[in-house]
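*Asks:* return a 3D structure for these sequence lines:
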Amino acid sequence: MARARGDIKRLRRWALVHKWTSLACTVFLLLFCITGLPLIFSDELNELLGDQPPYADLPADMPLANLDRIVAAAKERRPDHHVWFVFVDDDEPQVSVGMLPSPTAEPKTASRLRFDSRTGEFRNEIEPAEVRPLTFVDLMLRLHRDLFAELPGELFLGFMGLVFVVATVSGGVLYAPFARRQKFGELRGASRRLWWLDLHNMLGVVTIAWALVVGATGVMNELSRPLFAVWQRTHVQEMLKPYRGQAVPEAASFSSVQAAYDLAANILPGRRPTSVVFPNGRVGSAHHYLIWTKGDAALTARLFTPVLVDVVSGQLTSVVEMPWYLRTLQVSRPLHFGDYGGLPLKIIWALLDLVTIVVLGSGLYLWLSRRRSPFEARLREEAAVQAHST
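*Replies:* Residues are numbered from 1 along each chain as shown. Have a look, this model is predicted:
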(Lines give C-alpha, C1' and ligand atoms only; values in the text may rest on other atoms or scores of the structure.)
Protein backbone atom coordinates (compact mmCIF):
# COMPACT_ATOMS: atom_id res chain seq x y z
CA MET A 1 0.00 0.00 0.00
CA ALA A 2 2.79 2.44 0.91
CA ARG A 3 4.50 1.69 -2.40
CA ALA A 4 1.27 2.34 -4.29
CA ARG A 5 0.82 5.69 -2.54
CA GLY A 6 4.41 6.59 -3.42
CA ASP A 7 3.81 5.73 -7.06
CA ILE A 8 0.69 7.89 -7.14
CA LYS A 9 2.59 10.83 -5.63
CA ARG A 10 5.25 10.38 -8.29
CA LEU A 11 2.61 10.33 -11.03
CA ARG A 12 1.02 13.48 -9.61
CA ARG A 13 4.37 15.25 -9.74
CA TRP A 14 4.87 14.13 -13.33
CA ALA A 15 1.32 15.27 -14.13
CA LEU A 16 2.10 18.75 -12.83
CA VAL A 17 5.33 18.84 -14.84
CA HIS A 18 3.50 17.75 -17.99
CA LYS A 19 0.64 20.18 -17.42
CA TRP A 20 2.69 23.32 -16.91
CA THR A 21 5.44 22.61 -19.43
CA SER A 22 2.80 21.82 -22.05
CA LEU A 23 0.89 24.99 -21.30
CA ALA A 24 4.05 27.07 -21.41
CA CYS A 25 5.10 25.89 -24.85
CA THR A 26 1.90 24.88 -26.69
CA VAL A 27 1.34 28.16 -28.51
CA PHE A 28 4.97 28.35 -29.63
CA LEU A 29 5.00 24.66 -30.59
CA LEU A 30 1.93 25.24 -32.76
CA LEU A 31 3.84 28.09 -34.38
CA PHE A 32 6.85 25.78 -34.90
CA CYS A 33 4.70 23.11 -36.50
CA ILE A 34 2.68 25.44 -38.73
CA THR A 35 5.72 27.34 -40.00
CA GLY A 36 7.88 24.22 -40.14
CA LEU A 37 5.48 22.45 -42.50
CA PRO A 38 6.27 24.62 -45.55
CA LEU A 39 9.94 24.79 -44.54
CA ILE A 40 10.18 21.01 -45.00
CA PHE A 41 9.47 21.68 -48.68
CA SER A 42 11.41 24.95 -48.89
CA ASP A 43 13.50 23.84 -51.89
CA GLU A 44 10.40 22.85 -53.84
CA LEU A 45 8.57 26.06 -52.88
CA ASN A 46 11.52 28.28 -53.79
CA GLU A 47 11.71 26.61 -57.18
CA LEU A 48 7.96 26.94 -57.70
CA LEU A 49 7.67 30.55 -56.53
CA GLY A 50 11.04 31.79 -57.80
CA ASP A 51 11.55 33.89 -60.89
CA GLN A 52 15.01 32.80 -61.94
CA PRO A 53 15.68 32.64 -65.69
CA PRO A 54 15.87 29.10 -67.12
CA TYR A 55 19.24 27.41 -67.38
CA ALA A 56 20.87 26.81 -70.74
CA ASP A 57 20.56 23.25 -72.03
CA LEU A 58 24.15 22.07 -71.71
CA PRO A 59 25.83 18.70 -71.06
CA ALA A 60 25.57 17.59 -67.42
CA ASP A 61 29.29 16.81 -67.17
CA MET A 62 30.52 20.29 -68.04
CA PRO A 63 33.30 21.41 -65.64
CA LEU A 64 32.95 24.28 -63.20
CA ALA A 65 33.60 27.69 -64.70
CA ASN A 66 36.70 29.52 -63.46
CA LEU A 67 35.88 31.10 -60.10
CA ASP A 68 38.39 33.92 -60.59
CA ARG A 69 36.51 34.98 -63.70
CA ILE A 70 33.18 34.84 -61.87
CA VAL A 71 34.53 36.92 -58.96
CA ALA A 72 35.95 39.47 -61.40
CA ALA A 73 32.56 39.74 -63.12
CA ALA A 74 30.87 40.28 -59.75
CA LYS A 75 33.34 43.06 -58.90
CA GLU A 76 32.64 44.75 -62.21
CA ARG A 77 28.94 44.85 -61.38
CA ARG A 78 29.53 45.97 -57.79
CA PRO A 79 32.84 47.91 -57.81
CA ASP A 80 31.99 49.67 -54.53
CA HIS A 81 31.43 46.39 -52.67
CA HIS A 82 33.66 43.71 -51.16
CA VAL A 83 33.38 40.02 -51.90
CA TRP A 84 32.09 38.14 -48.85
CA PHE A 85 31.74 34.59 -50.13
CA VAL A 86 31.52 32.40 -53.21
CA PHE A 87 29.00 29.56 -52.96
CA VAL A 88 28.97 26.67 -55.43
CA ASP A 89 25.49 25.16 -55.49
CA ASP A 90 25.26 21.39 -55.72
CA ASP A 91 21.52 21.32 -56.43
CA GLU A 92 21.54 23.70 -59.39
CA PRO A 93 24.26 24.69 -61.88
CA GLN A 94 24.93 28.08 -60.33
CA VAL A 95 27.53 30.00 -58.35
CA SER A 96 26.46 32.77 -55.95
CA VAL A 97 28.79 35.62 -55.01
CA GLY A 98 27.92 37.51 -51.82
CA MET A 99 28.90 41.21 -51.85
CA LEU A 100 29.06 43.49 -48.78
CA PRO A 101 29.38 47.30 -48.67
CA SER A 102 32.40 46.78 -46.35
CA PRO A 103 34.24 43.78 -44.89
CA THR A 104 32.59 44.34 -41.48
CA ALA A 105 29.07 45.13 -42.74
CA GLU A 106 26.05 43.23 -41.42
CA PRO A 107 25.00 40.14 -43.42
CA LYS A 108 21.57 41.67 -44.07
CA THR A 109 23.26 44.34 -46.22
CA ALA A 110 24.73 41.75 -48.61
CA SER A 111 23.73 41.42 -52.25
CA ARG A 112 23.99 38.07 -54.01
CA LEU A 113 24.96 37.82 -57.65
CA ARG A 114 24.18 34.54 -59.37
CA PHE A 115 26.16 33.07 -62.26
CA ASP A 116 25.83 29.95 -64.39
CA SER A 117 28.42 27.57 -62.91
CA ARG A 118 29.16 26.02 -66.34
CA THR A 119 29.54 29.12 -68.49
CA GLY A 120 30.22 31.83 -65.91
CA GLU A 121 27.44 33.99 -67.39
CA PHE A 122 25.56 36.36 -65.09
CA ARG A 123 21.99 35.25 -64.28
CA ASN A 124 20.42 37.62 -61.77
CA GLU A 125 20.97 39.59 -58.57
CA ILE A 126 19.23 39.21 -55.21
CA GLU A 127 18.89 42.46 -53.30
CA PRO A 128 19.99 42.76 -49.66
CA ALA A 129 17.64 41.25 -47.09
CA GLU A 130 17.10 44.67 -45.49
CA VAL A 131 15.49 46.10 -48.65
CA ARG A 132 13.96 43.19 -50.57
CA PRO A 133 10.40 42.06 -49.77
CA LEU A 134 10.06 38.86 -47.81
CA THR A 135 9.05 35.79 -49.75
CA PHE A 136 6.62 33.29 -48.25
CA VAL A 137 9.50 30.95 -47.37
CA ASP A 138 11.48 33.85 -45.85
CA LEU A 139 8.49 34.76 -43.67
CA MET A 140 8.02 31.19 -42.46
CA LEU A 141 11.75 30.86 -41.72
CA ARG A 142 11.95 34.08 -39.70
CA LEU A 143 8.89 33.16 -37.64
CA HIS A 144 10.19 29.63 -37.12
CA ARG A 145 13.73 30.72 -36.24
CA ASP A 146 13.55 33.91 -34.19
CA LEU A 147 10.13 35.66 -34.38
CA PHE A 148 11.93 38.58 -36.09
CA ALA A 149 13.82 39.19 -32.84
CA GLU A 150 17.30 38.04 -33.96
CA LEU A 151 19.43 36.44 -31.21
CA PRO A 152 17.03 37.09 -28.28
CA GLY A 153 14.26 35.45 -30.29
CA GLU A 154 16.47 32.46 -31.11
CA LEU A 155 17.40 31.94 -27.46
CA PHE A 156 13.79 32.29 -26.32
CA LEU A 157 12.51 29.79 -28.88
CA GLY A 158 15.39 27.48 -28.00
CA PHE A 159 14.21 27.55 -24.39
CA MET A 160 10.67 26.79 -25.54
CA GLY A 161 12.04 23.82 -27.45
CA LEU A 162 13.71 22.57 -24.28
CA VAL A 163 10.42 22.94 -22.39
CA PHE A 164 8.75 20.92 -25.15
CA VAL A 165 11.27 18.10 -24.68
CA VAL A 166 10.43 18.01 -20.96
CA ALA A 167 6.70 17.99 -21.75
CA THR A 168 7.18 15.11 -24.19
CA VAL A 169 9.18 13.02 -21.71
CA SER A 170 6.68 13.65 -18.90
CA GLY A 171 3.81 12.70 -21.21
CA GLY A 172 5.48 9.38 -21.92
CA VAL A 173 5.98 8.74 -18.20
CA LEU A 174 2.30 9.44 -17.50
CA TYR A 175 1.10 7.19 -20.32
CA ALA A 176 3.03 4.11 -19.23
CA PRO A 177 1.00 3.00 -16.13
CA PHE A 178 -2.37 3.42 -17.85
CA ALA A 179 -1.30 1.64 -21.05
CA ARG A 180 -1.11 -1.70 -19.23
CA ARG A 181 -4.88 -1.93 -18.86
CA GLN A 182 -5.99 -0.48 -22.19
CA LYS A 183 -5.58 -1.81 -25.69
CA PHE A 184 -3.26 0.28 -27.81
CA GLY A 185 -5.25 2.55 -30.12
CA GLU A 186 -8.49 2.07 -28.19
CA LEU A 187 -10.59 5.23 -28.18
CA ARG A 188 -13.23 5.02 -25.48
CA GLY A 189 -16.47 6.81 -26.32
CA ALA A 190 -17.92 7.30 -22.86
CA SER A 191 -17.56 11.05 -23.35
CA ARG A 192 -16.13 13.44 -25.90
CA ARG A 193 -13.37 14.46 -23.54
CA LEU A 194 -12.39 10.83 -22.83
CA TRP A 195 -12.23 10.15 -26.58
CA TRP A 196 -9.92 13.11 -27.08
CA LEU A 197 -7.80 12.06 -24.10
CA ASP A 198 -7.26 8.61 -25.59
CA LEU A 199 -6.49 10.12 -29.01
CA HIS A 200 -4.04 12.59 -27.44
CA ASN A 201 -2.27 9.80 -25.57
CA MET A 202 -2.11 7.43 -28.55
CA LEU A 203 -0.82 10.00 -31.05
CA GLY A 204 1.61 11.37 -28.47
CA VAL A 205 3.14 7.95 -27.89
CA VAL A 206 3.28 7.15 -31.62
CA THR A 207 5.23 10.33 -32.32
CA ILE A 208 7.24 10.53 -29.10
CA ALA A 209 10.57 9.48 -30.63
CA TRP A 210 10.16 11.86 -33.57
CA ALA A 211 9.06 14.70 -31.27
CA LEU A 212 12.12 14.22 -29.06
CA VAL A 213 14.46 14.22 -32.07
CA VAL A 214 12.89 17.30 -33.65
CA GLY A 215 12.65 19.11 -30.32
CA ALA A 216 16.25 18.43 -29.30
CA THR A 217 17.65 19.27 -32.75
CA GLY A 218 15.54 22.43 -32.80
CA VAL A 219 17.16 23.54 -29.56
CA MET A 220 20.61 22.91 -31.08
CA ASN A 221 19.72 24.90 -34.21
CA GLU A 222 18.60 27.88 -32.13
CA LEU A 223 22.01 27.86 -30.43
CA SER A 224 23.95 27.97 -33.71
CA ARG A 225 24.88 31.65 -33.47
CA PRO A 226 26.41 31.54 -29.95
CA LEU A 227 28.07 28.18 -30.70
CA PHE A 228 29.81 29.57 -33.79
CA ALA A 229 30.80 32.65 -31.78
CA VAL A 230 32.44 30.40 -29.18
CA TRP A 231 34.28 28.52 -31.92
CA GLN A 232 35.44 31.77 -33.53
CA ARG A 233 36.77 33.17 -30.25
CA THR A 234 38.50 29.99 -29.08
CA HIS A 235 39.57 27.45 -31.68
CA VAL A 236 39.92 29.86 -34.60
CA GLN A 237 41.79 32.50 -32.63
CA GLU A 238 44.17 29.86 -31.31
CA MET A 239 45.03 28.83 -34.88
CA LEU A 240 45.58 32.43 -35.91
CA LYS A 241 48.16 33.28 -33.22
CA PRO A 242 51.04 33.38 -35.77
CA TYR A 243 49.21 36.14 -37.68
CA ARG A 244 48.67 38.48 -34.74
CA GLY A 245 50.18 41.88 -35.30
CA GLN A 246 50.44 41.45 -39.06
CA ALA A 247 48.81 43.97 -41.36
CA VAL A 248 45.51 42.94 -42.91
CA PRO A 249 46.12 42.14 -46.62
CA GLU A 250 44.64 44.42 -49.26
CA ALA A 251 42.17 42.90 -51.72
CA ALA A 252 44.59 43.59 -54.58
CA SER A 253 47.07 41.13 -53.03
CA PHE A 254 44.64 38.21 -52.75
CA SER A 255 45.74 35.00 -54.43
CA SER A 256 43.60 32.98 -56.85
CA VAL A 257 40.21 31.87 -55.55
CA GLN A 258 40.17 29.01 -58.03
CA ALA A 259 43.56 27.78 -56.86
CA ALA A 260 42.43 27.84 -53.21
CA TYR A 261 39.27 25.95 -54.16
CA ASP A 262 41.28 23.31 -56.04
CA LEU A 263 43.76 23.00 -53.17
CA ALA A 264 40.97 22.21 -50.69
CA ALA A 265 39.52 19.64 -53.08
CA ASN A 266 42.88 17.92 -53.60
CA ILE A 267 43.97 17.67 -49.96
CA LEU A 268 40.66 16.15 -48.81
CA PRO A 269 39.75 13.20 -51.03
CA GLY A 270 36.12 12.23 -50.70
CA ARG A 271 35.11 15.79 -49.83
CA ARG A 272 33.92 18.61 -52.05
CA PRO A 273 34.35 22.37 -51.49
CA THR A 274 31.02 24.17 -51.33
CA SER A 275 31.97 27.75 -50.49
CA VAL A 276 34.89 30.13 -50.11
CA VAL A 277 34.55 32.81 -47.41
CA PHE A 278 36.79 35.81 -48.08
CA PRO A 279 38.76 37.57 -45.31
CA ASN A 280 36.36 39.63 -43.24
CA GLY A 281 35.89 41.03 -39.77
CA ARG A 282 33.09 38.67 -38.75
CA VAL A 283 33.70 34.97 -39.45
CA GLY A 284 36.94 33.17 -40.23
CA SER A 285 40.20 35.05 -40.58
CA ALA A 286 41.34 38.40 -41.93
CA HIS A 287 44.32 36.58 -43.47
CA HIS A 288 42.73 33.49 -45.02
CA TYR A 289 40.22 32.05 -47.38
CA LEU A 290 37.90 29.92 -45.26
CA ILE A 291 36.80 27.05 -47.50
CA TRP A 292 33.94 24.84 -46.36
CA THR A 293 34.01 21.26 -47.64
CA LYS A 294 31.48 18.46 -47.24
CA GLY A 295 31.44 14.72 -47.87
CA ASP A 296 30.35 13.35 -51.22
CA ALA A 297 28.54 10.35 -49.69
CA ALA A 298 25.01 10.30 -48.26
CA LEU A 299 26.21 9.89 -44.67
CA THR A 300 28.86 12.64 -44.84
CA ALA A 301 27.08 15.17 -47.06
CA ARG A 302 25.89 17.11 -43.99
CA LEU A 303 29.23 17.11 -42.18
CA PHE A 304 31.35 20.14 -43.04
CA THR A 305 35.10 20.54 -42.56
CA PRO A 306 36.70 23.99 -43.00
CA VAL A 307 40.08 24.59 -44.61
CA LEU A 308 42.19 27.72 -44.09
CA VAL A 309 44.29 28.89 -47.05
CA ASP A 310 46.62 31.89 -46.76
CA VAL A 311 44.97 34.61 -48.83
CA VAL A 312 48.28 36.07 -50.05
CA SER A 313 50.53 33.05 -50.61
CA GLY A 314 47.76 30.61 -51.51
CA GLN A 315 49.38 28.00 -49.25
CA LEU A 316 47.49 25.65 -46.97
CA THR A 317 47.46 26.82 -43.34
CA SER A 318 45.23 24.25 -41.67
CA VAL A 319 42.49 21.67 -42.05
CA VAL A 320 40.30 22.60 -39.11
CA GLU A 321 38.93 19.90 -36.82
CA MET A 322 35.44 20.93 -35.77
CA PRO A 323 34.62 20.74 -32.03
CA TRP A 324 32.00 18.26 -30.88
CA TYR A 325 29.29 20.89 -30.34
CA LEU A 326 29.49 22.09 -33.94
CA ARG A 327 29.50 18.50 -35.21
CA THR A 328 26.34 17.96 -33.16
CA LEU A 329 24.85 21.09 -34.71
CA GLN A 330 25.67 19.87 -38.23
CA VAL A 331 23.93 16.57 -37.59
CA SER A 332 20.96 18.35 -36.01
CA ARG A 333 20.08 20.50 -39.02
CA PRO A 334 19.06 17.76 -41.48
CA LEU A 335 17.37 15.74 -38.72
CA HIS A 336 15.25 18.74 -37.78
CA PHE A 337 13.81 19.37 -41.24
CA GLY A 338 14.09 15.84 -42.63
CA ASP A 339 15.71 17.08 -45.84
CA TYR A 340 18.45 14.46 -46.11
CA GLY A 341 16.39 11.60 -47.60
CA GLY A 342 14.70 13.24 -50.56
CA LEU A 343 10.99 13.81 -51.10
CA PRO A 344 9.75 10.55 -49.47
CA LEU A 345 11.34 11.47 -46.11
CA LYS A 346 10.02 15.03 -46.40
CA ILE A 347 6.49 13.65 -46.81
CA ILE A 348 6.94 11.46 -43.71
CA TRP A 349 8.21 14.49 -41.76
CA ALA A 350 5.21 16.52 -42.92
CA LEU A 351 2.74 13.81 -41.81
CA LEU A 352 4.39 13.59 -38.40
CA ASP A 353 4.24 17.37 -38.18
CA LEU A 354 0.48 17.27 -38.85
CA VAL A 355 0.01 14.58 -36.20
CA THR A 356 1.90 16.74 -33.70
CA ILE A 357 -0.46 19.63 -34.44
CA VAL A 358 -3.36 17.32 -33.51
CA VAL A 359 -1.56 16.31 -30.29
CA LEU A 360 -1.00 19.94 -29.33
CA GLY A 361 -4.54 20.95 -30.23
CA SER A 362 -6.08 18.04 -28.30
CA GLY A 363 -3.88 18.83 -25.29
CA LEU A 364 -5.12 22.41 -25.34
CA TYR A 365 -8.73 21.20 -25.55
CA LEU A 366 -8.19 18.83 -22.62
CA TRP A 367 -6.85 21.66 -20.49
CA LEU A 368 -9.71 24.00 -21.39
CA SER A 369 -12.21 21.31 -20.36
CA ARG A 370 -10.22 20.35 -17.25
CA ARG A 371 -13.16 20.77 -14.83
CA ARG A 372 -14.47 17.42 -16.01
CA SER A 373 -11.00 15.87 -16.03
CA PRO A 374 -10.99 12.15 -15.19
CA PHE A 375 -7.27 12.17 -14.41
CA GLU A 376 -7.64 12.17 -10.62
CA ALA A 377 -10.18 9.37 -10.89
CA ARG A 378 -7.79 7.40 -13.06
CA LEU A 379 -5.02 7.94 -10.51
CA ARG A 380 -7.25 6.59 -7.75
CA GLU A 381 -8.11 3.63 -9.94
CA GLU A 382 -4.43 2.99 -10.62
CA ALA A 383 -3.71 3.18 -6.86
CA ALA A 384 -6.38 0.57 -6.17
CA VAL A 385 -4.97 -1.74 -8.83
CA GLN A 386 -1.43 -1.41 -7.52
CA ALA A 387 -2.55 -1.91 -3.92
CA HIS A 388 -4.42 -5.07 -4.91
CA SER A 389 -1.41 -6.38 -6.82
CA THR A 390 0.86 -5.96 -3.79
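
*Asks:* centre-most residue in the chain?
*Replies:* Residue closest to the average C-alpha location in the chain (C-alpha atoms, centre = their mean): residue 333, at 3.8 Å.

*Asks:* quick check: it vs residue 231, distance?
*Replies:* With the distance defined as C-beta to C-beta, to the nearest Å, residue 333 ends up 16 Å from residue 231. Where C-beta positions appear, they are placed from N, C-alpha and C, glycine not excepted.

*Asks:* sketch out the helices for the chain, chain order is fine.
*Replies:* Here the chain has its helices, by DSSP state H, at 2-40, 42-49, 67-77, 136-145, 150-179, 192-206, 208-222, 224-231, 237-239, 257-267, 324-337, 342-368, 375-389.

*Asks:* residue 247: which of the ones you listed is closest?
*Replies:* For those, distance to residue 247 was read as C-beta to C-beta. The smallest value, 17.9 Å, belongs to helix 237-239.

*Asks:* circling back to that earlier point, now the helices of the chain as TSV including mean pLDDT?
*Replies:* Listed next are these as TSV, based on pLDDT from 0 to 100:
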stretch	mean pLDDT
helix 2-40	84
helix 42-49	85
helix 67-77	97
helix 136-145	93
helix 150-179	89
helix 192-206	84
helix 208-222	94
helix 224-231	91
helix 237-239	84
helix 257-267	96
helix 324-337	90
helix 342-368	90
helix 375-389	51
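
*Asks:* can I get those helices in a markdown table including distance to residue 83?
*Replies:* Shown next, in a markdown table, are the helices of the chain (distance: least, C-beta to C-beta, whole Å):
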| stretch | distance to residue 83 |
| --- | --- |
| helix 2-40 | 29 |
| helix 42-49 | 24 |
| helix 67-77 | 6 |
| helix 136-145 | 24 |
| helix 150-179 | 25 |
| helix 192-206 | 50 |
| helix 208-222 | 28 |
| helix 224-231 | 21 |
| helix 237-239 | 23 |
| helix 257-267 | 9 |
| helix 324-337 | 25 |
| helix 342-368 | 33 |
| helix 375-389 | 61 |
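
*Asks:* residue 123: which of those helices is closest?
*Replies:* Minimum separation from residue 123 across the helices of the chain (C-beta to C-beta) falls at helix 67-77, 11.0 Å.

*Asks:* so what does that closest one touch, helix or strand wise?
*Replies:* Where contact means 3 or more C-beta pairs under 8 Å, 6 or more residues apart in numbering; DSSP states H and E, helix 67-77 is packed against strand 82-88, strand 94-100, strand 111-116, strand 122-126, helix 257-267.

*Asks:* redo the ones you listed as CSV? Include mean neighbour count and distance to residue 176.
*Replies:* Converted to CSV, those look like this (neighbours: other C-beta atoms under 10 Å; distance: least, C-beta to C-beta, whole Å):
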stretch, mean neighbour count, distance to residue 176
strand 82-88, 21, 48
strand 94-100, 22, 51
strand 111-116, 21, 51
strand 122-126, 15, 51
helix 257-267, 19, 51
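
*Asks:* which of those sits closest to residue 39?
*Replies:* strand 122-126 (19.0 Å).

*Asks:* contacts for that closest one next, please.
*Replies:* Contacting residues not belonging to strand 122-126 are listed as 52, 53, 73, 77, 94, 111, 112, 113, 114, 115, 116, 132 [C-beta atoms under 8 Å, 6 or more residues apart in numbering].
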